[in-house]
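# Curious how this folds, go ahead:
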Amino acid sequence: MANWVAEKRVEHAERAKFYRNLRMMKTRRYAISKAMFALQVSLHAARQQVLHVDERNPWAGQGKAKNADERRFCSLVDEVLDLCGTAESAVYAAATEWDTFAKAKIYYTTEDAA
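Numbering: from 1, shown residues only. Down below sits the predicted model:
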């Protein structure tokens, strides 16, 4: 009987430690996902600003840039737009993944000796 009680206490302590560690991990991941979602919003705002610059660009459109500086400016704006879009989608995907894990239900299980 004493061994059974001791085993149950050990099992209870292991289970408590598992859930304590899981709670800390999920809290950290949720905080990271919130920060990543905020970063995604900032990237979206940056992309909108670059689009605004592109719309105000007098050389926008095919063939309107006359010299090398104008063509270089147009190519840099296009490159920044592509980079902002790629970064925004990558950060959103990563934030969603971290948030999904933080909200997932995870249960403590033990292996039964056969």
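# Identify the residue spatially nearest to the spatially most central residue of the chain, adjacent ones excluded.
The residue lying closest to the centre of the chain (C-alpha atoms, centre = their mean) is residue 95, at 2.2 Å. Spatial nearest neighbour of residue 95, chain neighbours left out: residue 36 (3.5 Å); criterion: C-beta to C-beta, 6 or more residues apart in numbering. Just so you know, the C-beta spots here come from the backbone N, C-alpha and C atoms, and that holds for glycine as well.
# neighbours of that neighbour, just the number please.
19 (other C-beta atoms under 10 Å).
# next one: the one 10 residues further on
By the criterion of other C-beta under 10 Å, residue 46 has 15 neighbours.
# In this structure it contacts residue 84, no?
Yes. Residue 46 sits in contact with residue 84 when judged by C-beta atoms under 8 Å, with a separation of 5.6 Å.
# avg pLDDT for the helix or strand that contains the residue nearest to residue 95?
Element membership of residue 36 [criterion: DSSP states H and E] is helix 2-56. Mean pLDDT, helix 2-56: 93.
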